[in-house]
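Chemist: below is the sequence, then the predicted model.
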Amino acid sequence: MNYDLISIGAHPDDVEVGSGGVLIKTARAGRKTGIIYLTEGEKGTGGDPALRQQEAAEAAALMGADLLKTFDWNDTALTDTYDRRLALAAEIRKYRPYIILCPAPWVGHGRRQSHADHIACGQIAQNAANLAALKKADVVGEPHQTARLFYYFLPPGMMPDLVVDITAEFNGWLEALKCHRSQFLNPDKKKDYLYTLESMARSFGLMGGVKYAQGFKADQTPVVQDLFDLARDERF
């Protein structure tokens, strides 16, 4: 299949929240993108698995992703097991992504801890990516080495290694988020999630000198061959 980018999330809407602007930007550049969810989000305050899948499909279409795969691995009880690593590794071998995005697999500090499902999702994803590359691993399909993993949903206090400018994609990103009506437009929820997410995008944007951005931690230190690659959009 040779996908350019696949974003993996624990619950329907995670990919949109943490990387939706990047998916839109990638698809607009003519690259092939996909989404994999590890649970159906059945324990969410709003919606049920059928509704959440419908919302995820609407959002995926809006973002230009032509792959939407959902596992049923127990919302709020997601754990990193060998069998789940193998199952996700088989999907990685099938779709052969060049880049994988997934939640950060580290616990944060302070009162606002990272969601346990997000941490488990990141652990499963990075371990599955490793298994997918091993020739002797008991995984269906031909081995595939993903070039890079980048992590979203960074724990409180953790700075990103890079931010991606999504200013041009911001309005499309908001529309993708609004597809998840049961989560972000639910009158039973008092928190203004869209305002919070816009504020986060502004914060990441401020770090890079743009209006809106999404931030990521890299699986290894990013390397550039030419410093001017990092300054190509600057105007002096």
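Modeler: Sure, I can see it. This is a predicted model, so every value here is computed, not measured.

Chemist: so where do the helices sit in this structure?
Modeler: Applying DSSP state H to the chain gives helices spanning 14-28, 49-63, 82-95, 116-133, 170-178, 181-184, 193-208.

Chemist: nearest to residue 148, of those helices?
Modeler: Closest of the helices of the chain to residue 148 is helix 116-133, at 9.7 Å (criterion: CB to CB). (Each C-beta comes from the backbone N, C-alpha and C, glycine too.)

Chemist: off-centre distance for that closest one?
Modeler: 12 Å (CA atoms, centre = their mean, to the nearest Å).

Chemist: just name the most buried of the helices of the chain.
Modeler: Among the helices of the chain, helix 14-28 has the highest mean neighbour count (mean count of other CB atoms under 10 Å), at a mean of 26.

Chemist: ok, residues contacting that one?
Modeler: The contact list for helix 14-28, computed with CB atoms under 8 Å, 6 or more residues apart in numbering, reads 4-5, 7-9, 33, 35, 37, 59, 63-65, 101, 103, 118, 121, 152-153, 164, 166, 168-170, 172-173, 176-177, 179-180, 197, 201, 212-214, 216.

Chemist: rewinding a little: and the helices of the chain as CSV, adding distance to residue 225 and mean pLDDT?
Modeler: Shown next, in CSV, are the helices of the chain (distance: least, CB to CB, whole Å; pLDDT from 0 to 100):
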stretch, distance to residue 225, mean pLDDT
helix 14-28, 22, 98
helix 49-63, 30, 97
helix 82-95, 27, 98
helix 116-133, 24, 97
helix 170-178, 30, 98
helix 181-184, 41, 94
helix 193-208, 21, 96
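
Chemist: which one of the ones you listed lies closest to residue 74?
Modeler: The minimum distance between residue 74 and the helices of the chain falls on helix 116-133, with 8.8 Å, by CB to CB.

Chemist: what packs against the closest one?
Modeler: strand 5-9, helix 82-95, strand 99-103, strand 148-152 (3 or more CB pairs under 8 Å, 6 or more residues apart in numbering; DSSP states H and E).

Chemist: now the helices of the chain as a markdown table including distance to residue 232?
Modeler: Listed next are the helices of the chain as a markdown table, based on distance: least, CB to CB, whole Å:
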| stretch | distance to residue 232 |
| --- | --- |
| helix 14-28 | 16 |
| helix 49-63 | 25 |
| helix 82-95 | 30 |
| helix 116-133 | 29 |
| helix 170-178 | 21 |
| helix 181-184 | 35 |
| helix 193-208 | 14 |
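
Chemist: select, out of those, the one closest to residue 142.
Modeler: Nearest of those (CB to CB): helix 82-95, 6.2 Å.
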